[in-house]
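Asker: Test case, fold it:
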Amino acid sequence: MIRKILKNTSKHKKLKAFIKKYKIPSEYLSTNRKMISRGVLIGLFIAFIPMPMQMAAVLLFMPFIRFNVPIALAMCWLSNPLTMPPMYYMEYLTGSLLLGIKPEPVEMTLEWFSNNLDNIFIPLYFGTAVYSICGSLLAYWAVNHFWHASVHKEKKDKRLQKKKTNEEN
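Answerer: Below is the predicted model:
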């Protein structure tokens, strides 16, 4: 269903006029399986990284990799002010566990972070690497898998419908 919505949206007259007016390369808005899954991969990879201007970081990938840019930007929004603290705390705990470091109790104050940044930096970014790589690759595989399954189901349904209409005649 989402696949069909994306396909129909990409054929909309206003979108085509916008692309033509601003001379945007059409591959950055392409809605095929590869472009969508790459957009999810890049967007989630960046979303897990604790840094400012994540959306700008996604745009830095544009000259090197073709992907659906709006999807990648939307994936960045998964880390927003409400989800950032639990995400980054989970990454810190995971990094501490994997590195064998006893995690320090965290206080949500700027003073605590400025005093303890040296102690939490390595476990946080090690956990970030684990979640960025594993999470984005898992999402890439899931999008490919479900897109492929959706196409096959649609083809199967069309064959069954065609067979049913032939039998009625």
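Asker: any chance you could map the helices in the chain?
Answerer: 2-10, 13-22, 33-47, 54-60, 69-76, 84-99, 110-168 (DSSP state H).
Asker: which stretch in those has the least confidence?
Answerer: With a mean of 63, helix 2-10 has the lowest mean pLDDT of these.
Asker: if I pick residue 125, what's in contact with it?
Answerer: Shown in contact with residue 125 (CB atoms under 8 Å, 6 or more residues apart in numbering): 50, 95. Where you see a C-beta, it was placed from the backbone N, CA and C, and this is true even at glycine.
Asker: Next: residue 142.
Answerer: Residue 142 neighbours (CB under 8 Å, 6+ apart): none.
Asker: So it versus residue 149, what's the distance?
Answerer: 10 Å (CB to CB, to the nearest Å).
Asker: Then residue 138?
Answerer: Computed with CB to CB, the distance linking residue 138 and residue 149 is 16 Å.
Asker: So residue 74 is in contact with residue 43, correct?
Answerer: Yes - with contacts counted by CB atoms under 8 Å, residue 74 reaches residue 43, the gap being 6.7 Å.
Asker: Could you check which of these two is surrounded by more residues?
Answerer: Per other CB atoms under 10 Å, whichever of residue 74 and residue 43 has more neighbours is residue 43, with 27 against 16.
Asker: distance of that one from residue 70?
Answerer: Separation of residue 43 from residue 70 (CB to CB): 10 Å.
Asker: Then residue 133?
Answerer: In this view, residue 133 and residue 70 are 23 Å apart by CB to CB.
Asker: More neighbours: the two, which one.
Answerer: With neighbours defined as other CB under 10 Å, residue 133 and residue 70 compare such that residue 70 has more, 15 against 12.
Asker: Quick check, pLDDT for residue 12.
Answerer: Reported pLDDT for residue 12: 67.
Asker: likewise residue 24?
Answerer: 70.
Asker: burial of it, as a residue count?
Answerer: Residue 24 sits with 13 neighbouring residues when counted by other CB under 10 Å.
Asker: Same question for the one 10 residues further on.
Answerer: Other residues lying near residue 34 total 14 when counted by other CB under 10 Å.
Asker: How much space separates it from residue 140?
Answerer: On the measure of CB to CB, residue 34 and residue 140 end up 10 Å apart.
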